[in-house]
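# need the 3D shape of this:
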Amino acid sequence: NCHTRGDTLAHCWKMGADTASTAAATSTTELKFRLQKYMLLLGIFQILVCCFQGLTVASAANKVMAKAAHHQFTHNGELLIALAAAFPYCELSPSSLKLTCVLLQFGTWFNGLSYMIVALTDCPQPMFVAQPGMVATGDGAGNVYTQLSVAGLTLVTAPCIVVGLLLFAYGVGQAEHNKVKTA
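The predicted structure is shown next:
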């Protein structure tokens, strides 16, 4: 206790502030490593899903899109693993760190799942009209699977990955080399 040692009020105040900022920094560092672990594990899990999903290609209604979904799961898993390695360098507030992690998870998972909807149902997908033969013809109006696939790609995948990556890039840009601690 600084008062019993006869320290000045200003010194006690500074010690309290230093202790609080050290505790907050330690808490944020622990959060980064926890989120890094989850991002790494979920990236590995996404690649495992890719391995098992590859076994379904032969029985899929649309084999071309089944192969495309296989690639989406692979590359999105690789993205998560790569970002996990850089997570300690991401200098964001705790809530922004969590938001970044959640956005990247939703975006990458919905990407592969949206492709799988088309692969399993062979529904029309207007987003692929420039690639003849890849999907069934038609605009998919009234087809619930088309609507789910389009929504997954345009309302979840695209905004989540873009915003998540922008937040991540901003956080890494804020990092000071001498303050970054790695495991």
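# C-alpha from now on. contacts and neighbour counts both.
Will do.
# quick one: contacts for the nearest residue to Glu91 once chain neighbours are set aside?
Among residues not flanking Glu91 along the chain, Gly171 sits closest, at 4.4 Å (Cα to Cα, 6 or more residues apart in numbering). Shown in contact with Gly171 (Cα atoms under 8 Å, 6 or more residues apart in numbering): Tyr89, Cys90, Glu91, Leu92.
# could you dump the helix or strand where Gly171 lies to PDB, C-alpha only?
Assessed by DSSP states H and E, Gly171 sits inside helix 158-174. Provided in PDB are the C-alpha atoms of helix 158-174 (Å, rounded to 0.1, in the frame of the first residue of the first chain):
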ATOM      1  CA  ALA A 158     -18.600 -10.900 -48.900                       C
ATOM      2  CA  PRO A 159     -19.300  -8.300 -46.200                       C
ATOM      3  CA  CYS A 160     -17.900 -10.400 -43.400                       C
ATOM      4  CA  ILE A 161     -14.700 -11.300 -45.100                       C
ATOM      5  CA  VAL A 162     -14.100  -7.700 -46.400                       C
ATOM      6  CA  VAL A 163     -14.900  -6.000 -43.100                       C
ATOM      7  CA  GLY A 164     -13.000  -8.700 -41.100                       C
ATOM      8  CA  LEU A 165      -9.900  -8.300 -43.300                       C
ATOM      9  CA  LEU A 166     -10.100  -4.500 -43.200                       C
ATOM     10  CA  LEU A 167     -10.300  -4.500 -39.400                       C
ATOM     11  CA  PHE A 168      -7.500  -7.100 -39.300                       C
ATOM     12  CA  ALA A 169      -5.300  -5.000 -41.600                       C
ATOM     13  CA  TYR A 170      -6.000  -1.900 -39.600                       C
ATOM     14  CA  GLY A 171      -5.100  -3.700 -36.400                       C
ATOM     15  CA  VAL A 172      -1.800  -5.100 -37.800                       C
ATOM     16  CA  GLY A 173      -1.000  -1.600 -39.200                       C
ATOM     17  CA  GLN A 174      -1.300  -0.200 -35.600                       C
END
